[in-house]
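In: Task: produce atomic coordinates for the following.
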Amino acid sequence: MIDRRLRVLQAIARHGTVTAAAQVCRLTPSAVSHQVQALARELDVALLEPAGRGVRLTPAARTLLAHSEILTAAWERAQADLDVHRAGDVGGTLRFCGFSSAAAAVVPRALDHLRRGHPALRVHLREVEPARAFDLLASDDTDIAVVVATPDIPPVTDAAFDQHALYDEPLDVLVGPDHPLVGAAEVALSDLAADPWICSDPGRAYHQLVTLACASAGFAPDIAHYADEWDTGAALVARGFGVAMVPRLADLPARHDTRRIAISTPPVPIRHVITAVRAGSQGRPTIAAGLEALRHVTAVAPLGLDPAGSEVLSSRARGAHDDPATR
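Out: Residues are numbered from 1 along each chain as shown. All right, here's what the predicted structure looks like:
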């Protein structure tokens, strides 16, 4: 019921360019421009104005966007109120998206919890990067996102979304079988200052994680190899080409001989995992059930294994968006 042209304008505001908005909205740049121009004519105000080689939002466009966020949230609340009048168990389709570790270790548990508690509910999971998750929420292509809080996602003050802490995930050091620290129960990150490091390409969140965590420990990592997949990174570590930092829930291939060691001396790198939904939608029975299922599985079931092999329960997350790790 919300005019699609408003969603297009919201995408331009969020991503800064017509081209980026077109990619998010699965349209051509010319189609995006056409829709915004048609909306501007209908409202009799200018919505975009030239800015160098690109465009920028006019004051009228920003006023319209402020109202559109209110309209969108009100529409979500209206649907939630209407759902109350529908008879029967919670049903329909509930769409989740999440980054790789959560999509593998957390969301499937929630889906199973939902399947047993609400058999009429159909569930769907899509694995995506955190920034993409918010695009899917904004375009109504998903209902619940499980993401890592990073500088690249909308702030908690963004009125378009409702965000809440879910759990904290510590990160461990990964070393090969011949590394001098093998056998240590815990290490300080600075103990590996002289080692070559393996991390993802510059610009990716995991690269930010490694460099920022090492900087907080007082050194700049000597990055010897770049690997975006755990399989590649673990293979390099196992053969002594460097060390890496891995989230506690990362599932590493068993064929690579590596050792996880907990980081005990501050600063201990931790990433904060949150849930996000469209503002106003959390009252819908399906979405409320999905959020409850996520809270249930992270509160009562162990999420992963500590480096020694004993199960540990991750603590509840804090709300800060200060830890850039998304794998």
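In: pLDDT below threshold where in the stretch 51-200 of the chain?
Out: For the stretch 51-200 of the chain, the stretches flagged by pLDDT under 70 are 84-88.
In: same thing but 90
Out: Judged by pLDDT under 90, the stretch 51-200 of the chain has its weakly predicted residues at 51-56, 65-92, 99-105, 120, 128-132, 138-140, 148-154, 157-160, 168-170, 185.
In: Which parts of it are strands?
Out: For the stretch 51-200 of the chain, strands defined by DSSP state E, counting those that start in this stretch occupy the ranges 54-57, 92-98, 121-127, 144-148, 161-175, 186-187, 196-199.
In: Export those to TSV and append columns for distance to residue 105 and mean neighbour count.
Out: All C-beta spots, glycine's among them, are computed from the backbone N, C-alpha and C. Formatted as TSV, the strands of the stretch 51-200 of the chain follow (distance: least, CB to CB, whole Å; neighbours: other CB atoms under 10 Å):
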stretch	distance to residue 105	mean neighbour count
strand 54-57	40	16
strand 92-98	10	22
strand 121-127	12	17
strand 144-148	10	27
strand 161-175	10	22
strand 186-187	23	16
strand 196-199	21	21
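In: I'd like to know which of those strands lies nearest to residue 245.
Out: In terms of CB to CB, the element of the strands of the stretch 51-200 of the chain nearest to residue 245 is strand 161-175, at 5.3 Å.
In: And the closest one, what does it pack against?
Out: When contacts are defined as 3 or more CB pairs under 8 Å, 6 or more residues apart in numbering; DSSP states H and E, strand 161-175 sits against helix 230-238, strand 244-247, strand 259-263, strand 270-278, helix 285-300.
In: if we go to 6 Å?
Out: Counting contacts by 3 or more CB pairs under 6 Å, 6 or more residues apart in numbering; DSSP states H and E, the secondary-structure elements packed against strand 161-175 are strand 244-247, strand 259-263, strand 270-278.
In: Comparing these, which comes out most buried?
Out: Compared across these, strand 244-247 shows the largest average neighbour count, a mean of 26 (mean count of other CB atoms under 10 Å).
In: Listing partners with orientation, what would you give for that one?
Out: The pairing partners recorded for strand 244-247 under DSSP bridges are strand 161-175 (antiparallel).
In: Understood, closing this out.
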